[in-house]
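> What would the 3D arrangement of this be:
(2 chains)
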Protein chains: 2
Amino acid sequence: MIDERFGLSRHVTLPGPLRLDGGALLAPVEIAYETYGTLAPDGGNAVLVCHALTGDQHVASPHPRTGKPGWWSRLVGEGKPVDPARDFIVCANVLGSCMGSSGPSTINPATGHPFAMAFPVITIRDMVRAQAMLLDHLGVGVLRAVVGGSMGGMQALSWPATFPDRVRAAVVIASTARHTAQNIAFHEVGRQAVMADPKWRGGDYRDDPPAAGLSVARMAAHITYLSEAGLTEKFGRKLQARDAKGFGFDADFQVESYLRHQGLSFVDRFDANSYLYITRAMDYFDLAEEHGGLLANAFRATAARFCLVSFDTDWLYPTIESRHIVHALNAAGRAVSFVELSSPYGHDAFLLDAPEMNRVVDGFLKAVA
Amino acid sequence: MIDERFGLSRHVTLPGPLRLDGGALLAPVEIAYETYGTLAPDGGNAVLVCHALTGDQHVASPHPRTGKPGWWSRLVGEGKPVDPARDFIVCANVLGSCMGSSGPSTINPATGHPFAMAFPVITIRDMVRAQAMLLDHLGVGVLRAVVGGSMGGMQALSWPATFPDRVRAAVVIASTARHTAQNIAFHEVGRQAVMADPKWRGGDYRDDPPAAGLSVARMAAHITYLSEAGLTEKFGRKLQARDAKGFGFDADFQVESYLRHQGLSFVDRFDANSYLYITRAMDYFDLAEEHGGLLANAFRATAARFCLVSFDTDWLYPTIESRHIVHALNAAGRAVSFVELSSPYGHDAFLLDAPEMNRVVDGFLKAVA
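As a prediction, this is how the structure comes out:
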């Protein structure tokens, strides 16, 4: 007997086919997911939580391999704004990822090896369509809410735009309705770092992955998740385990040592090809473009209510991107509440202890009928 | 007979030794430099121009190999604020670089191969000390002015701090008195990209350089030279030579194509080990630390006048860093003029057409006795 409070790690193979934005048909569609709580008899208490670039389905329960707490256990869990005592909570690994859902590391039955770069390029909307297939499978018709931060927020935005009648509320945190040139530029640096590693071998690396390239990609990305002020407060120019500069190329400064650690530990938990595919999906994301070039059009067909949260030191998806969405929601006549919160932690703030964010999300979700 | 108006590309081997901040003695000291104009009989018209990370000595005359105009020919040249008709202009390739001055690509006479990582780690102050040796050689006692942008600005700040009696004015553009944690973090990503390239071979790459790694390093750095608004204005989400997204990993977006070009063209003109050494020198730069932890102390011994210019969209060395210097100059009782200019181009603005910057520098230099 499994105690559902601690989450169920599940995997389903759906027959599909799923028609992707790029034109390919994906079949079957594998989805790894967790659920918390119980679906109400009327099916009205389902909440979908969407994860970010390198996230996973273990939102509120320990990661089965690392044992670390769920990545959003501050927001999701008993007594938290998204509460399994009230909600049936679903979190699925996104299409293209490497935690059990279909992606480039899925084994191609025809060859016995991973699909690698033969896997079709996917979009945020494709991820959302796969989630809808999972909800069909679970017997969930309409979501009480969809909640996500960063790339999870892109999915939370894409949900009411793609399935206007299947979601009553969307919570979009530290996110954006489109990737800017600078966002694309940083991701392209990461992709080039991976693909420049000779071990990448056109994606066909099998058991000897391009760890050095992926590590550099993660280091570059990690800088964009932190604020300049936060880095200064945490590290400044402090030296690492030494009294004076070493006049060499070891990690003299704590910030260097920290970044190297971030890069190296990342390669143990993430697949290099998935990094390429998911960053590509994010770069392709432009919700306005999918709706005739006008963002408001994305929200005309839905009656969902929206809650947007941004952080003042987030320079990856700064507040102006949230304001842009709010203006479009206003133009479409949708109900939206928006708040910019103050935090020293930059983009990462949404994953850290953020009691104000919790209060905002809690109040919003309680008001959703 | 060489027309000095068009610059003289020169090279000198000075016996040294030069004692470096890291403790090593450098001997001999090779310096590649250009001069424009003629030194006045009283020696009072010398202006030293200092270049940035990947710059060179060809400040106001075509690059001998590429044929491109001098990198600061908008500011330096006949009729410009720094004018060879009035000034004796000197620009020297910095120590650690690869345009003819001593650096890791200098041939070690003992082995017949480049010093590579056996070259000593250098600092901004070491670069300044080498410039002082060159000025001794040229018969220049006191500089009318030292002028630089970005890393050139660091040298311009370090000059009056290191040689208080040898400089009457310093022009510091788009620069900083110390590298922040974020500045160090971006450089560390670049260094790791170079060193992760198997072709780097511990620096001993000879004729087969780590081009892929250096290219990624340049791409990451290049993003920090441009503003988000500038990137959006120039590229936005425009596609590259295609009507629709390719659903692959080629450069779909113009900004990707642009960045790849920046990376690839850089490896043709710059040495990977020099990139390591000069970024290290910049990361080590903390003028306050060299003067008991108080920046004002760096300026107490000099009578030089200062001119600082920042750009409002420069997020690499933002205006607050210039203000920090201005406050220290005020505390030290120095004369300083400071202006923040508006530009859409981010850090790169100082190298582009900036008529306001030219007016500010022109007015300041004319007022220097």
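> Every contact and neighbour count from this point should use C-alpha atoms.
OK.
> near chain B, which residues of the stretch 101-250 of chain A show up?
Contact residues, the stretch 101-250 of chain A versus chain B (CA under 8 Å from any CA of the partner chain): A:120-122, A:179-182, A:184-186, A:188-189, A:192-193, A:196-197, A:212-213, A:216, A:219-220, A:223, A:228, A:231-232, A:235-237, A:245, A:247-249.
> Which members of those residues are positioned in helices?
A:181-182, A:184-186, A:188-189, A:192-193, A:196, A:212-213, A:216, A:219-220, A:223, A:228, A:231-232 (DSSP state H).
> I'd like to know which of these are buried.
A:181-182, A:184-186, A:188-189, A:192-193, A:196, A:212-213, A:216, A:219-220, A:223, A:228, A:231 (16 or more other CA atoms under 10 Å in any protein chain shown).
> roughly how far apart are the spatially most central residue of chain A and chain B?
Among the residues of chain A, the one closest to the centroid is A:Ala52, at 1.4 Å (CA atoms, centre = their mean). For A:Ala52, the distance to chain B (CA to the nearest CA, to the nearest Å) stands at 21 Å.
> Which residues are in contact with that residue?
A:Gly148, A:Gly149, A:Ser150, A:Met151, A:Gly152 (CA atoms under 8 Å, 6 or more residues apart in numbering or on different chains).
> Now A:Pro114, what are its backbone angles?
Main-chain torsions, A:Pro114, degrees, to the nearest 10: phi -60, psi 150.
> I'd say it and A:Cys98 touch.
No - contact criterion CA atoms under 8 Å: A:Pro114 and A:Cys98 do not qualify, at 11.1 Å.
> Sketch out the strands for the stretch 1-150 of chain A, chain order is fine.
In the stretch 1-150 of chain A, the segments counted as strands under DSSP state E, counting those that start in this stretch are A:8-14, A:18-19, A:25-26, A:29-36, A:46-50, A:88-92, A:107-108, A:113-114, A:145-149.
> now the angle between strand A:46-50 and the last one, please.
In other words, strand A:145-149. 20 degrees (axes from the mean of the first three to the mean of the last three CA atoms, to 10 degrees).
> Please apply the same query to the first one.
In terms of direction (the same axes, to 10 degrees), strand A:8-14 departs from strand A:46-50 by 90 degrees.
> Can you name the residues in contact with strand A:8-14?
So strand A:8-14 is in contact with A:2, A:27-36, A:58, A:100-101, A:133, going by CA under 8 Å, 6+ apart.
> Between the residues you listed, which sits nearest A:Leu365?
Within those, the smallest distance to A:Leu365 is 17.0 Å, found for A:Tyr36 (CA to CA).
> and the closest one, how many residues sit next to it?
By other CA atoms under 10 Å in any protein chain shown, the residues close to A:Tyr36 number 29.
> what pLDDT does it get?
Per-residue confidence (pLDDT) for A:Tyr36: 97.
> So what pairs up with it in the strands?
A:Ile89 (DSSP bridges).
> So it sits against A:Val90, correct?
Yes - counting by CA under 8 Å, A:Tyr36 touches A:Val90, with 6.7 Å between them.
> doesn't A:Val90 make contact with A:Thr38?
No - with contacts counted by CA under 8 Å, A:Thr38 stays clear of A:Val90, the gap being 10.2 Å.
> When the two are compared, which one has more neighbours?
Taking neighbours as other CA under 10 Å, A:Thr38 and A:Val90 compare with A:Val90 leading, 26 against 17.
> correct me, but A:Asp312 touches A:Ser343?
Yes - the criterion here is CA under 8 Å, and A:Asp312 meets it with A:Ser343 at 6.5 Å.
> can you give me the strands in the stretch 151-300 of chain A?
Counting by DSSP E, counting those that start in this stretch, the strands of the stretch 151-300 of chain A are A:169-173.
> Low-confidence stretches in chain A?
A:1-9, A:369 (pLDDT under 70).
> can we see that at 90?
A:1-9, A:63-67, A:206, A:240-243, A:368-369 (pLDDT under 90).
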